[in-house]
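# The sequence isn't on hand, but the structure is:
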């Protein structure tokens, strides 16, 4: 049920463009009223141009923005007197219209105007709302949509059949409103709703009222309560669902990463489970009809992949999922070839939405935010399919109509507004000991190159702080904190499981968790020896084992990086346990490089030395112990280390992070079993 969110005390303080921003945000706040990135709003005001002259101005949403989060900068202002003469034209191509409107902007540095700008110009009212409400689209996407809409709205409505947005649709709507000035709304077949008024609140109120009437009308239909109510899917507990999904997600992600790494998201919301498990009518038949709205297509594709499963055999589910993705890709390429124009280039052919009875929905995207967008839009699609089926039968765009939207230059233009992909776009990185020192620096470096980063650490609060900083700087879900004691098998397994459930898999694993102790061998206790080996040898093994399991399931390779030490290459007194454990890490890496090579898994080692700043190891007593062994005061240790290097330099965590980035990225695509020292130059540690 859409809520009327208008607040007179807030709105009374606003005028002009600020009032349009306010109204737009209210409409976008409810996704059942307007899809994310979808719809548009407009207002006509009087502004002053660069010469101080008053100019009638049409403010309209800028292309690619979202009503829920729009600000003043996201609106384009156009000189209305220059736009209105276009109504007299008979036809206009998208290219002609876009070029013309770009000349009508009232000032420089404004965003590109919405493709539906003329809709707002041609309606003779001061304020217009174009939205994609679930209930109204249910009417518009039912087999007898115009009749149902007429039964509800009568003469208060004009209906226009589906046509791709642009000049013609805008003129049709403008003509309908001008010819029938008493109508309240226009319903666009398979598309959405348009309302208008000379008062901004009245315009908003009308939008909400029209939508509520559609919701009430559909709810009153005899079949409204039984649509998708009978299920044939297995009844599984939430824990069992997640247990299964954690096992199949890497395979799904790997199969879908044919055109670059994708992030996968799992959704088992009640509406999704009801839909995918429906028996009357069959969910597959409804889901594969087509998209519920043209605005969905870029993020959901025309249809989802529907994978049948009876709840019995997990191995067969994985096989069906992988074969289903492969078939979907083949079908998509055929769809592209049948409809492509001479200048069209195929996009990612993998499914964006995967539906599995009993489990729910998997969505994919180039990053976590886009995977979430796909999920959000498919929730809207389910609501539309439910409503249309309650009326009679859900219908959608034809294949040709869908292709015309999906590969529409003006729609593809929106994608160019996104920043270019960084080097690690779509990659998932898992870093042990990521709350401080080298791990923390590595988390920030990999995230800066586009990776989603999991901070695995005993210090949970520290990991959460790092993850929060990554999210603040790079966006939603760019950082994830997980509790992980690398010596505990159950915690390591749980940390990888949480990573898979959050992102779909993992690509980069940095084993960095560490500790150190310094004592003569005669003073080294068995407990101290075991403690060091538990973390530096056994811990690295346990993390590697889980990483390899995930990579085998994904089938797209991976990069494992050990943060060892120059102490693993050269001996030093009073550190037998630490030195030998670091040597074990290095040889474990060499062994795993051989084991992982055939499946595209690369394993390499970074050997830092004397990274003192912001280090949990050094702050836990290692500084004092090493200083004592060298016979120098602790506060002079860094200078001693600097002087002993060939380059006469100190090594910082950020320096080591650069070496880790090299092994994590495609820069080292043909390197495995390698060792890269980051120590300022120590002759004894030169790799031979």
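Done, it's in. None of these values were measured; they are calculated from a predicted model.
# Is residue 657 in a helix, a strand, or coil?
Under DSSP: H, G, I helix; E, B strand; the rest coil, residue 657 falls in the helix class.
# Show the contacting residues for it.
Under the criterion of CB atoms under 8 Å, 6 or more residues apart in numbering, the neighbours of residue 657 are 438, 441, 442, 444, 445, 446. C-beta coordinates here come from the backbone N, C-alpha and C atoms, glycine included.
# Please list the members of these that lie in helices.
Residues of the contacts of residue 657 located in helices (DSSP state H): 438, 441, 442, 444, 445, 446.
# how near is residue 522 to residue 573?
12 Å (CB to CB, to the nearest Å).
# For these two, indicate the residue with more neighbours.
residue 573 (10 against 5; other CB atoms under 10 Å).
# Make sure I have this right: that one is in a helix.
No - counting by three-state DSSP, residue 573 is not found in a helix; it is coil.
# Report the buried residues of stretch 79-95.
Residues of stretch 79-95 classed as buried under the neighbour-count rule (16 or more other CB atoms under 10 Å) are 79, 80, 82, 83, 84, 86, 92.
# my bad, should have said stretch 541-555
Neighbour-count burial for stretch 541-555, with 16+ other CB under 10 Å as criterion, is recorded at 541, 542, 543, 544, 546, 547, 548, 550, 551, 553, 554.
# Report how many residues lie close to the closest residue in space to the second one that isn't next to it in sequence.
Read it as residue 542. Nearest in space to residue 542, with sequence neighbours left out and distances taken as CB to CB, 6 or more residues apart in numbering, is residue 492 at 4.7 Å. The local packing of residue 492 (other CB under 10 Å) involves 23 other residues.
# now swap in residue 9 and tell me
Tallying neighbours of residue 9 according to other CB under 10 Å, which is how burial is gauged here, yields 6.
# going forward can the numbers begin at 54, since that is how I track them
From this message on, residue numbering opens at 54, which makes the last subject residue 62.
# Now, the buried residues of stretch 594-608 that are in helices?
With DSSP H as the criterion, helices contain 594, 595, 596, 597, 599, 600, 601, 603, 604, 606, 607 from among the buried residues of stretch 594-608.
# ok, now which ones touch the second one?
The reference is to residue 595. Shown in contact with residue 595 (CB under 8 Å, 6+ apart): 539, 540, 542, 545.
# and if you look at the fifth one?
Each residue near residue 599 by CB under 8 Å, 6+ apart is listed here: 545, 546, 548, 549.
# any idea how far residue 480 is from it?
Distance check for residue 599 against residue 480: by CB to CB, it reads 17 Å.
# same thing with the last one?
For residue 607, the distance to residue 480 under the criterion CB to CB works out to 12 Å.
# Can you select the buried ones from the ones in helices among the contacts of residue 710 in ChimeraX?
Of these, the buried ones can be selected in ChimeraX as follows, counting by 16+ other CB under 10 Å:
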select :491,494,495,497,498,499
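# and of the ones in helices among the contacts of residue 710, the nearest to residue 401?
residue 499 (23.0 Å; CB to CB).
# pretty sure that closest one is touching residue 482, no?
Yes - the pair residue 499 and residue 482 qualifies as a contact (CB atoms under 8 Å) at a distance of 4.8 Å.
# residues shared between the contacts of those two?
Shared contacts of residue 499 and residue 482 (CB under 8 Å, 6+ apart): 506, 561, 717.
# ok, then the element right after the strand or helix carrying the first one?
Taking DSSP states H and E as the definition, one finds residue 506 inside strand 505-510. Reading on from strand 505-510 to the C-terminus, the next helix or strand found by DSSP H and E is helix 513-527.
# if I look at the residue nearest to residue 595, how far off is residue 408?
For residue 545, the distance to residue 408 under the criterion CB to CB works out to 32 Å.
# Same question for residue 270.
Applying CB to CB, the value for residue 270 to residue 408 is 28 Å.
# more crowded one of the two?
Neighbours per residue, other CB under 10 Å: of residue 270 and residue 408, the larger number sits with residue 408, 25 against 21.
# The more buried one sits in which helix or strand?
For residue 408, the enclosing helix or strand under DSSP H and E is strand 406-409.
# any idea how far that strand is from the chain center?
Relative to the centre of its chain, strand 406-409 is centred 17 Å away, using CA atoms, centre = their mean, to the nearest Å.
# And for stretch 368-386?
Relative to the chain's own centre, stretch 368-386 is displaced by 22 Å; criterion: CA atoms, centre = their mean.
# Can you pull out the residues in contact with it?
Contacts made with stretch 368-386 from outside it, assessed by CB under 8 Å, 6+ apart, are listed as 297, 300-301, 304-305, 308-309, 311, 354, 358, 360-362, 399, 402-404, 407, 409.
# related to what we said a few turns ago, what about the residue nearest to residue 595, distance to residue 603?
Note on residue 545: its distance to residue 603, by CB to CB, is 12 Å.
# Please apply the same query to residue 493.
The value you get for residue 493 to residue 603, if CB to CB is used, is 23 Å.
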